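*Asks:* sequence first, predicted coordinates after that:
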Amino acid sequence: MLWIGSRTEQAMGVESSPKIVIVDESPVRAAILEEGLREAGYTEVVHIGEMQSLLARIYALDPDIIVIDLENPSRDSLEQMFQVSRAVRRPIAMFVDQSDTASIQASVDAGVSAYIVDGLKKERIKPILDLCVSRFNAFAKLQNELDRTKHALEERKVIDRAKGVLMKVKGLTEEEAYVLMRSTAMREKKKIGEIAQSILTASELLK
Amino acid sequence: MSPPLHIGFIPLVDAAALIVAVDKGFAAEEGLDVTLVREVSWSNVRDKLNIGLFDAAHLLAPVAIASSLGIGHLKVPIAVPFNLAINGNAITVSPALHAAIMAELDGDRFDPMATARALGRVVAARRKRGAEPITFAITFPFSTHNYQLRFWMGAGGVDPDEDVRLVVLPPPFMAQALEGAQIDGFCVAGPWSCIPVDRGVGRILHFVSDILVRAAEKVLAMRQSWVDRNPQAVAALIRAVSRGAGFVEQDRTETARILAHPERVGVVPRSSCDL
C-alpha cells in the first residue's frame, strides 16, 4: 500500500534528491548505508543515532524517507507519530507494496524498514530500499565474519592454556599435548575447543 | 515432529501461557518443535507474522483486527484461535500527577469516573497557567492500552487528542521515562506497572479491570492461510498453550522463575504486585 494523498510528485520537485533520514543506533552500519546512498547520488542523508529526542529531530528535519533498523525499539514510537497526522507536517506511512511481498520479505530479513511521505512514487523508493537491504546484508556478513574471527581467537587461547595444563600435569611436550587433545576430540566426536575447555574446567575443580 | 515453528513475543507477563507451554515441554509433547523469538517492537511482531517469518505470535488483540483490515500495514487476514490474556493492564502515574489528581478528587479515589474528572481539572489548571500538556505513554497505536486510556479520560471529559499528549514507548522503557519525567503516566501490562512502584517513582492509579471487565488483551495470532493449511499443528499448539495456561494458574512461583529468564521477560520475580 502506498499512501496516496493530495501532494503530487511535481509539488515536491521531481529532480531534487529526496531527504533521507537513517535511524540506526549502530554508527558503523549507518556509515556504510550513508556512504552507499551518497555513492548512488542521494545527497541529502542524515543519520540519527540518538533515540532520546528522535521524534523532535524527525519533525525538525522533515524528511521524505525514513530508514530504520528493525532491532530499534523506537520503531513503535515512529508508527504512532505517523498515525497522529498532526505530529508531522506531511503524512508519512510505512513503505508497503502489496503487490511485491518478496521485497518486503527481503527488507525484513535484512532487518530494515522504510517509511515515506505521502505522494512519493514507488519507482523512486524501490532503488533506495534495495540499496538499504543490500547494505544491511553486507554489514551483517561483516559482523558474522568478525564474530567468527573473535570466536576462533578465543578458542585458540583456550587450547593454548589447556595444552599448558596437560604439559604440566602429564609431563608432555607441547606437540604431545596437542595430539592427545586432538585424538580425544576425534574419538568423542567433539570439537578440540570443547575438549580444551573441559580440561580447563576440570583443572579448576581439582585445584 | 512437525516442521519447526517460529513464534514471536514481546517480553510481558501475559505471554506466560505461551512461554510456559514451550519451556515446560508441553509443545514438544504435542510433537511441535517451537522456537520462541523475543522481539523489540509490536511493529516487528506484526510484520514478521504478516510476511511469514513467524508462524504464530503473541499479539495485541487490536493489531490482529488492524492487520485483517489492512490498516497501517499489509492487509493480511489474521486468525485468533486462542486468547492469551484477559485484562492485566494498569494506569500508572508519577507521584506528582497522583498527588495533583488526589487534590482535585470529588469522590472515591478508587472510582475511575472520579479520577477522570479530577484529571480534567488538573488538565484545565495546567492549560490556564500555560504549562506543557500532561503526557501519557501507550505501547502501540493499535492497542487496548490506547483505547482504555482514552475511554477512561474521555469519560471524565478529557479529550485525548486535544487535552493531553499520547506517545508510544516500548513497555520496558516506561519506568525509566516516568522516572526521567519525559512522561507523566502510562498504561501497560505487567510487569512494567510494578517496576516504578517498586522504585518509588510511580503510583498505580487504576487497574484497567476496574474500568472494563473482561477485556481481551493479548491473543495467539496466526495467518488465516497458515491455519487453513496446518489444522493439526494449530490444534496441537492450542492444546499446548492451554496446558501452559493451566500451569500458570497452578504454579506461579515456577512460572515467575521461567519468565525471569533473560531470553523471556527478563525481570526477576520480586515485585510489589502479585503476578
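*Replies:* Looks like it arrived, so ask away.
*Asks:* low-scoring stretches of chain A, by residue?
*Replies:* Residue ranges of chain A with pLDDT under 70: A:1-15, A:84-93, A:96.
*Asks:* could you identify the longest helix within it?
*Replies:* helix A:122-170 (DSSP state H).
*Asks:* so, in contact with chain A or not, stretch B:180-191?
*Replies:* No - figure legend: stretch B:180-191 not in contact with chain A (CB under 8 Å from any CB of the partner chain); closest approach 8.5 Å. The way it works is simple: take the backbone N, C-alpha and C, and place the C-beta from them, glycine included.
*Asks:* and chain B, is the longest helix of chain A touching that?
*Replies:* No - on the criterion CB under 8 Å from any CB, helix A:122-170 is out of touch with chain B, staying 13.7 Å away.
*Asks:* give me the next element, helix or strand, following that helix.
*Replies:* Under the assignment DSSP states H and E, the closest C-terminal helix or strand after helix A:122-170 is helix A:174-187.
*Asks:* could you pull out the buried residues of that next one?
*Replies:* A:177, A:178, A:180, A:181, A:185 (16 or more other CB atoms under 10 Å in any protein chain shown).
*Asks:* stretch B:192-202 too?
*Replies:* B:192, B:193, B:194, B:195, B:196, B:197, B:201, B:202.
*Asks:* which helix or strand contains residue A:46?
*Replies:* Assigned by DSSP H and E, residue A:46 falls in strand A:45-48.
*Asks:* what does that strand rub up against?
*Replies:* The contact list for strand A:45-48 (CB atoms under 8 Å, 6 or more residues apart in numbering or on different chains) reads A:19-24, A:27, A:30-31, A:34, A:37-38, A:54, A:57-58, A:61, A:63.
*Asks:* quick one, domains of chain B?
*Replies:* What automatic domain parsing lists as the domains of chain B is B:5-86+B:217-259, B:89-210.
*Asks:* can the first one be found next to chain A?
*Replies:* If I follow you right, that is domain B:5-86+B:217-259. Yes - shown here: domain B:5-86+B:217-259 in contact with chain A (CB under 8 Å from any CB) through B:40-44, B:47-48, B:51-53, B:70, B:72-75.
*Asks:* among those, which are located in helices?
*Replies:* B:42, B:43, B:44, B:47, B:48.
*Asks:* the closest residue to chain A within the stretch 151-275 of chain B: neighbour count?
*Replies:* Here the residue of the stretch 151-275 of chain B nearest chain A is residue B:168; by CB to the nearest CB that distance is 3.6 Å. The number of residues packed near residue B:168 is 26, by other CB atoms under 10 Å in any protein chain shown.
*Asks:* what separation is there between the residue lying farthest from the centre of chain A and residue A:163?
*Replies:* For chain A, the residue at maximal distance from the C-alpha centroid (CA atoms, centre = their mean) is residue A:171, at 48.3 Å. Going from residue A:171 to residue A:163 by CB to CB, to the nearest Å gives 13 Å.
*Asks:* returning to what we had before: please check the residues of domain B:5-86+B:217-259 next to chain A and keep the buried ones.
*Replies:* Neighbour counting with 16+ other CB under 10 Å marks B:40, B:41, B:42, B:43, B:44, B:47, B:48, B:51, B:53, B:72, B:73, B:74 as buried within those.
*Asks:* which one of the residues you listed is nearest residue B:233?
*Replies:* Among these, residue B:53 lies closest to residue B:233 (CB to CB), at 16.4 Å.
*Asks:* strand partners (parallel or antiparallel) of the strand holding residue A:46?
*Replies:* Sheet pairing of strand A:45-48 (DSSP bridges) gives strand A:20-23 (parallel).
*Asks:* got the CA coordinates for stretch B:91-106 in CSV?
*Replies:* Below are the C-alpha coordinates for stretch B:91-106, written out as CSV (Å, rounded to 0.1, in the frame of the first residue of the first chain):
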residue,chain,number,x,y,z
ILE,B,91,-2.8,3.1,34.6
THR,B,92,0.3,4.2,36.4
VAL,B,93,1.2,7.9,37.1
SER,B,94,4.1,9.8,38.6
PRO,B,95,3.8,10.7,42.3
ALA,B,96,3.3,14.3,41.3
LEU,B,97,0.4,13.7,39.0
HIS,B,98,-1.1,11.3,41.5
ALA,B,99,-1.0,14.0,44.2
ALA,B,100,-2.5,16.5,41.8
ILE,B,101,-5.4,14.2,40.9
MET,B,102,-6.0,13.3,44.6
ALA,B,103,-6.1,17.1,45.4
GLU,B,104,-8.8,17.6,42.8
LEU,B,105,-10.8,14.5,43.7
ASP,B,106,-14.5,14.9,44.4
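*Asks:* show me which helix runs longest in chain B.
*Replies:* Criterion DSSP H: the longest helix present in chain B is helix B:231-250.
*Asks:* which other helices and strands contact it?
*Replies:* helix B:16-23, helix B:26-29, strand B:78-83, strand B:218-223, helix B:252-259 (3 or more CB pairs under 8 Å, 6 or more residues apart in numbering or on different chains; DSSP states H and E).
*Asks:* want to try JSON lines for these, with mean neighbour count as columns?
*Replies:* Converted to JSON lines, those look like this (neighbours: other CB atoms under 10 Å in any protein chain shown):
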{"stretch": "helix B:16-23", "mean neighbour count": "26"}
{"stretch": "helix B:26-29", "mean neighbour count": "19"}
{"stretch": "strand B:78-83", "mean neighbour count": "18"}
{"stretch": "strand B:218-223", "mean neighbour count": "26"}
{"stretch": "helix B:252-259", "mean neighbour count": "18"}
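*Asks:* okay if I get those as TSV plus mean pLDDT and distance to residue B:268?
*Replies:* Formatted as TSV, those follow (pLDDT from 0 to 100; distance: least, CB to CB, whole Å):
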stretch	mean pLDDT	distance to residue B:268
helix B:16-23	97	15
helix B:26-29	97	24
strand B:78-83	96	28
strand B:218-223	97	22
helix B:252-259	93	9
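*Asks:* closest to residue A:158 out of the domains of chain B?
*Replies:* domain B:5-86+B:217-259 (28.7 Å).
*Asks:* and the buried residues of helix A:174-187, which is closest to chain B?
*Replies:* Closest to chain B, out of all of the buried residues of helix A:174-187 and judged by CB to the nearest CB, is residue A:185, at 28.9 Å.
*Asks:* ramachandran angles for residue 64?
*Replies:* Picking chain A for this. Main-chain torsions, residue A:64, degrees, to the nearest 10: phi -90, psi -30.
*Asks:* right, and it touches residue A:42 too?
*Replies:* No - counting by CB atoms under 8 Å, residue A:42 is not a contact partner of residue A:64; they are 10.2 Å apart.
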